[in-house]
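S.K.: just coords:
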Ligand SMILES: Cc1cc2nc3c(=O)[nH]c(=O)nc-3n(C[C@H](O)[C@H](O)[C@H](O)COP(=O)(O)OP(=O)(O)OC[C@H]3O[C@@H](n4cnc5c(N)ncnc54)[C@H](O)[C@@H]3O)c2cc1C
């Protein structure tokens, strides 16, 4: 065992949340070490669908997501890198009158709260934006600022920018034990000990295990959302596409390939870092795509994969301070929509560490929100 490595902050997890946190900390001159058990971007942050979505966010997340969206639009300049971000808009398609009613209630709710970024489309406007949409589709809703980015490039961009500002990333370093010694956290891997005043848990699908080491219990689960990508097709869709009430989402990249998602889940084995695909669910995802876009009948699926993702029962992440330990912070369980939030989460963690608070309302994301209240 070599000498203890010291820093102001230790971040556990080299996904987009850990890498963004390291970037923002280093930018403010705070020394930071990131411990990653595998390699940076190896898990959800490197293999996700790249959707940069503000549309349809849970109300609790809208402010965070709006701030993150603003950052995505300037991120390549900020990080001096190519994240692959493209602002293409995102349209959720309404298949029938019931879907339109859902959109009308949502519109009323959003306008009542002062949010106007989701704009309803009638059938003709939908067809103008998506000429290949199926005849039965009756309208939709669009968020103009939305789009996609390339996940692996984006996460690496944060890592490289963080390293340029002095952050240290240690790969192949699995955190095995966490102890409080005086005012410091002492963290052990198989070969090394690390010491810091502050500790940030960005451990993705393994974050509940880290939480327990810090003293916080949390009803987190994990799963393996799946994706598939086609061979190149003639260009037919510029916006990213979702459906109001069906598990469908897809985007056509500039090279013509179409990435199809929608939340279908395979089988997760986090102890072994692996997942297995559920081919019957993938097939029904492909059928949904054909139902909304008949041109997809000609698609040839080229590759399918899945990644490990953490979920909370309410599908909202855990973001904020530990409730049991001083100087410990959590950012995990993004429930299959955390990539878009990445840029702002690093800023939130840095504010919590350096200023003790965040400008965002983090109450809905408290780690102890499921604890039974004692009356
Ligand atoms: C297939 C799929 C599609 C998705 N599509 C989208 C999308 O279109 N848009 C969107 O916004 N979001 C999407 N998501 C969700 C998004 O990818 C995640 O919410 C986000 O990447 C989570 O980032 P993270 O940094 O918290 O986790 P991760 O990327 O999982 O990073 C956590 C890291 O912690 C490390 N770690 C864990 N335990 C330890 C330990 N003991 N010691 C050291 N390191 C440890 C892990 O190895 C891992 O690298 C999707 C997810 C998947 C799987």
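M.R.: Great, that's in hand. Everything numeric in this text was worked out from a predicted model, so none of it was measured.

S.K.: what residues does the stretch 201-350 of the chain put near the ligand?
M.R.: 202-206, 210, 225, 227, 261, 306-307, 309, 332, 334, 336-340 (C-beta under 6 Å from any ligand atom). Glycine gets a C-beta too; all of them are placed from N, C-alpha and C.

S.K.: and the closest residue to the ligand within the stretch 101-250 of the chain, how many neighbours does it have?
M.R.: Of all residues in the stretch 101-250 of the chain, the one sitting closest to the ligand is residue 204 (2.5 Å; C-beta to the nearest ligand atom). Using other C-beta atoms under 10 Å, residue 204 has 29 neighbouring residues.

S.K.: what about residue 127, neighbour count?
M.R.: Residue 127: 16 surrounding residues under other C-beta under 10 Å.

S.K.: what are the contacting residues of the helix of greatest length in the chain?
M.R.: Assignment by DSSP state H gives helix 97-112 as the longest helix of the chain. With contact meaning C-beta atoms under 8 Å, 6 or more residues apart in numbering, helix 97-112 is reached by 56, 59, 92-94, 116, 118, 120, 138-141, 243-245.

S.K.: at 7 Å what do you get?
M.R.: 94, 118, 120, 138-139, 141, 244-245 (C-beta atoms under 7 Å, 6 or more residues apart in numbering).

S.K.: can you tell me which of these are in helices?
M.R.: Among the contacts of helix 97-112, no member falls in helices (DSSP H).

S.K.: in the stretch 1-150 of the chain, which spans are strands?
M.R.: Using DSSP state E, counting those that start in this stretch, the strands of the stretch 1-150 of the chain run over 5-12, 32-36, 51-52, 86-87, 90-94, 119-121, 139-143, 147-148.

S.K.: what's the answer for the stretch 151-300 of the chain, then?
M.R.: 168-171, 177-181, 184-188, 193-201, 221-230, 240-243, 249-252, 258-261, 265-269, 274-276.

S.K.: for the second one, give me every contacting residue.
M.R.: With C-beta under 7 Å, 6+ apart as the contact definition, strand 177-181 has outside contacts at 185-188, 213-214, 325.

S.K.: spatially, which two of those are the most separated?
M.R.: 188 and 325 (16.7 Å; C-beta to C-beta).

S.K.: residue 227 contacts residue 262, correct?
M.R.: No: taking contacts as C-beta atoms under 7 Å, residue 227 lies outside contact range of residue 262: 9.0 Å.

S.K.: partner residues bridging whichever residue of the stretch 51-200 of the chain sits closest to the ligand?
M.R.: Nearest residue of the stretch 51-200 of the chain to the ligand: residue 51, at 2.8 Å (C-beta to the nearest ligand atom). On the basis of DSSP bridges, residue 51 is bridged to residue 148.

S.K.: what sits against it?
M.R.: Contacts of residue 51 by C-beta under 7 Å, 6+ apart are 148, 240, 249, 339-340.

S.K.: where does the protein dip in pLDDT?
M.R.: 1, 373-375 (pLDDT under 70).

S.K.: and the residue nearest the centre of it?
M.R.: By C-alpha atoms, centre = their mean, the mean C-alpha position of the chain lies nearest to residue 338, the distance being 1.7 Å.

S.K.: just give the nearest non-adjacent residue to that one, would you?
M.R.: residue 317 (6.3 Å; C-beta to C-beta, 6 or more residues apart in numbering).

S.K.: got it, and residue 342?
M.R.: residue 16 (3.6 Å).

S.K.: equivalent analysis for residue 232, please.
M.R.: Nearest residue to residue 232, sequence neighbours excluded (C-beta to C-beta, 6+ apart): residue 256, at 3.5 Å.

S.K.: that neighbour: neighbour count?
M.R.: Residue 256, neighbours per other C-beta under 10 Å, totals 13.

S.K.: same thing with the one 5 residues further on?
M.R.: Around residue 261 sit 23 other residues, with neighbours defined as other C-beta under 10 Å.

S.K.: cool, residue 308 as well?
M.R.: 21.

S.K.: so what's the closest residue in space to it that isn't next to it in sequence up against?
M.R.: Leaving out its chain neighbours, the residue that sits closest to residue 308 by C-beta to C-beta, 6+ apart is residue 205, at 4.0 Å. Contacts here follow C-beta under 7 Å, 6+ apart; on that basis residue 205 touches 43, 222, 270, 308-310.

S.K.: of the contacts of helix 97-112, which pair is most distant in space?
M.R.: Checking those with C-beta to C-beta, the most distant pair is 118 and 138, at 17.0 Å.
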